[in-house]
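[1] sharing a sequence plus its predicted fold:
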Amino acid sequence: MKRILHRTLLRLEHIADRFQRKQKATRALEGYAGYASEEHLVIRGRVLTKLKGQTASEDAGIVTNFRQMLSLFLTDEVADVRVYAGEIEALTNEEGYFTLLLPRPETSGWVDVPVHIDGFEDATICSAFIAPSSAEFMVISDIDDTVMETGAYSLARNLWTSLTGNALTRHIYADAVTLISDLSKGGQNPIFYVSSSPWNLYGFLNDIFERNALVRGPMFLRDLGLSETKLITDGHGNHKGGSIDLLIRAHPDLPVILMGDTGQKDAEIYAGIVNSHPGRVAAVVLRETRNGSDDSDLGSIAKIEAANVPVFHNMQFPTEENIRNALAESGLDRIAENHR
């Protein structure tokens, strides 16, 4: 049944794409904040026929919000188009995504790169963050129910919250804003966000983050589009674990503080990261959701603590001082010195 549904939806998408492209000859590039590995500046984005956004209003009703949110998912992607930055070029894939691997510049912080679509004169500025040499660690944080209340542990609650609200109605946890800001130390320590939310919500999430003064950082979201081989892309665990693994390998000199919640098996995912990257995880911070920690969560937390990694799990986040004291007590405050 799943196979029949997959092929049917894929066929309908191809028909819709062909129809829309006959009506439109425009191209628009949506840039996603990139990052730097040891060798490359990684520039990411997507080419669509048109960029869409949500106009947030305190007076907007459920129907208006739903219609605007739904429009974010009705994208017309442009495949096999050439994009370039200087002499480096790439082709967009079947969902319109591209990645450009540029030489890493001798600088740090946020850098801007003009990216062109082949055949179009105007460039789109794509940004990327390069960790400073003075960084002590990096922070990799989940989004849903970690920094923003979503109810992702309940599908019905998650869908209702996501589809009927706007950027003004979404609730960002104040303790997350404070902790991430304190850990960032004004941009000295890089912040990354990993979420199972789709790339279609990238601009929407950026708007929410800016409105709530949450530290800016590259996001690693998920492609939920159809492909020839999959109904949707990799599951929550594979996507999150793979993104964290990529960031750890891209920053071999930095220990990592992992932030998540107990609603979507983050404890299990983070226990796997601790096991596969021994000595790299400095601390784990988990927000207890309304459902609390189940036996699986507690078992994963015990595995993390057995590896001498401090774990904070409560409905409220600890302070930066709490985390640094725990690192000092466990001896893990020397991780940064050992990796720099």
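    Noted; the coordinates are in hand.
[2] how much space between residue 170 and residue 193?
    Counting by CB to CB, to the nearest Å, the gap from residue 170 to residue 193 is 15 Å. Every C-beta, even on glycine, is put in place using the N, C-alpha and C of the backbone.
[3] no no, residue 132
    From residue 132 across to residue 193, the span is 19 Å (CB to CB).
[4] and the contacts of stretch 124-134?
    Applying CB atoms under 8 Å, 6 or more residues apart in numbering, the contact partners of stretch 124-134 are 29-36, 41-45, 85, 104-105, 107-117, 138, 187-190, 217-218, 251, 254.
[5] ok so, going back, residue 170 and residue 193 - which one has more neighbours?
    residue 193 (26 against 19; other CB atoms under 10 Å).
[6] what about stretch 254-263, start to end distance?
    Using CA to CA, to the nearest Å, the end-to-end distance of stretch 254-263 comes to 27 Å.
[7] any idea how far apart the tips of stretch 125-136 sit?
    29 Å.
[8] mean confidence score for stretch 45-64?
    Averaged across stretch 45-64, pLDDT comes to 71.
[9] and residue 330, how far from residue 259?
    Separation of residue 330 from residue 259 (CB to CB): 18 Å.
[10] which one of the two has more residues nearby?
    residue 259 (28 against 16).
[11] would you double-check that the more buried one falls in a strand?
    Yes. Per DSSP: H, G, I helix; E, B strand; the rest coil, residue 259 lies within a strand segment.
[12] without its sequence neighbours, what residue ends up closest to it?
    For residue 259, ignoring the flanking residues on the chain, the nearest one in space by CB to CB, 6 or more residues apart in numbering is residue 141 at 3.9 Å.
[13] the one you found: how many residues sit nearby?
    Residues near residue 141, counting by other CB under 10 Å: 23.
[14] next one: the one 4 residues further on
    Other residues near residue 145 number 23, with proximity taken as other CB under 10 Å.
[15] and the strands in the stretch 201-340 of the chain, which stretches?
    Remark: strands assigned in the stretch 201-340 of the chain by DSSP state E, counting those that start in this stretch are 219-222, 256-261, 281-287, 311-314.
[16] give me the contacts around the longest one.
    Strand 281-287 has contacts (CB under 8 Å, 6+ apart) with 137, 145-146, 173, 176, 179, 255-262, 266-267, 270, 273-274, 293, 297, 301, 304, 307, 309-318, 323, 326-327, 332, 335-336.
[17] quick one: the helices in the chain?
    Along the chain, counting by DSSP state H, helices occupy 2-23, 62-73, 155-164, 174-184, 202-211, 236-250, 266-276, 295-306, 320-330, 335-339.
[18] worst average pLDDT in the ones you listed?
    Minimum mean pLDDT among the helices of the chain: helix 2-23, a mean of 48.
[19] about what we covered before: tabulate the strands of the stretch 201-340 of the chain (a markdown table), appending distance to residue 247 and mean pLDDT.
    What follows is these, written out as a markdown table (distance: least, CB to CB, whole Å; pLDDT from 0 to 100):
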| stretch | distance to residue 247 | mean pLDDT |
| --- | --- | --- |
| strand 219-222 | 8 | 96 |
| strand 256-261 | 8 | 97 |
| strand 281-287 | 12 | 96 |
| strand 311-314 | 20 | 94 |
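[20] for those, give me CSV that also has distance to residue 207.
    Listed next are the strands of the stretch 201-340 of the chain as CSV, based on distance: least, CB to CB, whole Å:
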stretch, distance to residue 207
strand 219-222, 13
strand 256-261, 21
strand 281-287, 22
strand 311-314, 29
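[21] and residue 242, which of those strands is closest to it?
    Residue 242 lies closest, by CB to CB, to one member of the strands of the stretch 201-340 of the chain: strand 219-222, at 8.9 Å.
[22] show me what that closest one is packed against.
    The contact analysis (3 or more CB pairs under 8 Å, 6 or more residues apart in numbering; DSSP states H and E) places strand 219-222 against strand 191-198, helix 202-211, helix 236-250.
[23] pick the most buried one from the ones you listed.
    Mean neighbour count (mean count of other CB atoms under 10 Å) peaks for strand 191-198 among those, with a mean of 23.
[24] adjacent strands (with direction) for it?
    In the sheet, strand 191-198 lines up against strand 138-141 (parallel), strand 219-222 (parallel) (DSSP bridges).
[25] what angle separates it from helix 174-184?
    Comparing the axes of strand 191-198 and helix 174-184 via axes from the mean of the first three to the mean of the last three CA atoms, to 10 degrees yields an angle of 140 degrees.
[26] chain center to strand 191-198, what's the gap?
    Offset of strand 191-198 from its chain centre (CA atoms, centre = their mean, to the nearest Å): 2 Å.
[27] dump that strand to CSV, restricted to CA.
    Below are the C-alpha coordinates for strand 191-198, written out as CSV (Å, rounded to 0.1, in the frame of the first residue of the first chain):
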residue,chain,number,x,y,z
ILE,A,191,25.7,27.6,17.6
PHE,A,192,24.0,25.1,15.2
TYR,A,193,20.3,24.0,15.1
VAL,A,194,19.2,20.5,14.0
SER,A,195,15.6,19.7,13.5
SER,A,196,13.2,17.3,11.7
SER,A,197,11.2,20.3,10.5
PRO,A,198,11.3,20.6,6.6
